[in-house]
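>>> I would like to see how this sequence folds:
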Amino acid sequence: MEIVSEIYQVTGPVERFAGQIASQGYIVACPSSFHEFEGPDPISYDTEGTDRGNKYKIEKEVAAYDETISLVFVKDATLSIDLLCSLKNCNGRIASTGMCLGGHLSFRAAFDSRVLASVCFFATDVHSATLGKGKNDDSLARVRNGDLTGKGELVMIFGKQDTHVPREGRDLIRKTLEDANVPTSFLEVQAQHAFIRDQSSKDRWDAALTRTLFAFMMEVFERTVARDLGPRDDDVGTVEHTC
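Prediction:
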């Protein structure tokens with residue numbers, strides 16, 4: 001299981017989120033997305049930290065993000081994949097989740113056919129294609145090209161009051177996934193950005209909603225990663241959930 005963090009790297013909320021998943025019996029890895037620029041320590045939830053994280057976000061090459069995902073998610077042909085898959089308590093079935101920047105990276109992780117499920121919380125920059133150096137990523141373009149068709153299950157979760165991903169952006173993401181016949185659950189809930197962050201969320205944290213969506217996520221992981229239920233019917237389309 002891989003968990004990709006926000007622009008603040010692996011902070012307390014991310015570590016606690018990872019710990020809850022690990023407590024269900026999963027092996028969890030949390031990458032520090034900006035290791036090219038500084039160490040693995042978390043970036044502070046303040047103005048300076050936010051500015052620094054946003055600066056790194058558009059200075060890092062998109063290919064370098066994908067490499068980080070491969071290293072930590074144990075997905076591509078890398079030494080890290082070999083290392084994690086060699087663990088006796090790892091069944092080699094990989095899933096991904098992330099929030100904000102990590103939600104977008106979890107989305108991109110789904111391009112690897114070995115990733116059986118990706119649950120993406122309020123993924124930023126997907127609709128605008130502005131991730132990475134040059135602010136010109138190819139995430140939706142790859143979906144249109146069929147790079148997610150026939151791959152794992154995708155879950156997209158957005159708050160309807162999220163100013164980072166407006167309604168037009170959510171509609172674009174949903175339509176692109178539907179047109180490409182990607183097996184997707186698309187959830188829009190009454191919440192703002194960062195509503196699952198239990199620290200410094202600017203009063204946007206919703207504990208009850210987080211608990212409900214965590215249970216939803218674990219059902220997806222239990223069904224796709226924890227157990228092998230045989231061949232999947234790929235013609236499942238997009239399921240919409242509006243709360």
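
>>> all strands for the chain, in order.
Here the chain has its strands, by DSSP state E, at 2-4, 94-99, 115-121, 153-159, 184-189, 238-242.

>>> so can I have TSV of those strands showing distance to residue 24 and mean pLDDT?
Quick note: C-beta positions are derived from backbone N, CA and C, even for glycine. Putting the strands of the chain into TSV (distance: least, CB to CB, whole Å; pLDDT from 0 to 100) gives the following:
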stretch	distance to residue 24	mean pLDDT
strand 2-4	13	79
strand 94-99	12	90
strand 115-121	13	93
strand 153-159	17	98
strand 184-189	19	98
strand 238-242	22	53
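
>>> let's have those strands in JSON lines, adding distance to residue 31.
Converted to JSON lines, the strands of the chain look like this (distance: least, CB to CB, whole Å):
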{"stretch": "strand 2-4", "distance to residue 31": "6"}
{"stretch": "strand 94-99", "distance to residue 31": "10"}
{"stretch": "strand 115-121", "distance to residue 31": "14"}
{"stretch": "strand 153-159", "distance to residue 31": "20"}
{"stretch": "strand 184-189", "distance to residue 31": "24"}
{"stretch": "strand 238-242", "distance to residue 31": "28"}
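
>>> those: which one's closest to residue 39?
strand 2-4 (17.7 Å; CB to CB).

>>> who does that closest one touch, helix- and strand-wise?
helix 12-22, helix 62-73, strand 94-99, helix 101-109 (3 or more CB pairs under 8 Å, 6 or more residues apart in numbering; DSSP states H and E).

>>> rank the ones you listed by mean pLDDT and give me the bottom one.
Set side by side, the helices and strands packed on strand 2-4 differ in mean pLDDT, and helix 62-73 is lowest with a mean of 66.

>>> one step back: quick check: which of the strands of the chain is nearest to residue 48?
Using CB to CB, the strands of the chain put strand 94-99 closest to residue 48, at 20.9 Å.

>>> quick one: contacts of the closest one?
With CB atoms under 8 Å, 6 or more residues apart in numbering as the contact definition, strand 94-99 has outside contacts at 1-6, 14, 17, 21, 26, 69, 73-75, 104-106, 109-110, 112, 114-123, 152, 194, 196-197, 217, 220-221, 224-225.

>>> before we move on, back to that, can I get the helices and strands packed on strand 2-4 in TSV including mean neighbour count?
Listed next are the helices and strands packed on strand 2-4 as TSV, based on neighbours: other CB atoms under 10 Å:
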stretch	mean neighbour count
helix 12-22	17
helix 62-73	20
strand 94-99	28
helix 101-109	28
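
>>> can I get those in JSON lines with distance to residue 136?
Listed next are the helices and strands packed on strand 2-4 as JSON lines, based on distance: least, CB to CB, whole Å:
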{"stretch": "helix 12-22", "distance to residue 136": "27"}
{"stretch": "helix 62-73", "distance to residue 136": "8"}
{"stretch": "strand 94-99", "distance to residue 136": "21"}
{"stretch": "helix 101-109", "distance to residue 136": "14"}
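
>>> out of the ones you listed, the one nearest residue 148 is which?
helix 101-109 (8.9 Å).

>>> who are the packing partners of that closest one?
strand 2-4, helix 62-73, strand 94-99, strand 115-121, helix 139-144.

>>> cutoff 10 Å now
When contacts are defined as 3 or more CB pairs under 10 Å, 6 or more residues apart in numbering; DSSP states H and E, helix 101-109 packs onto strand 2-4, helix 47-57, helix 62-73, strand 94-99, strand 115-121, helix 139-144, strand 153-159.
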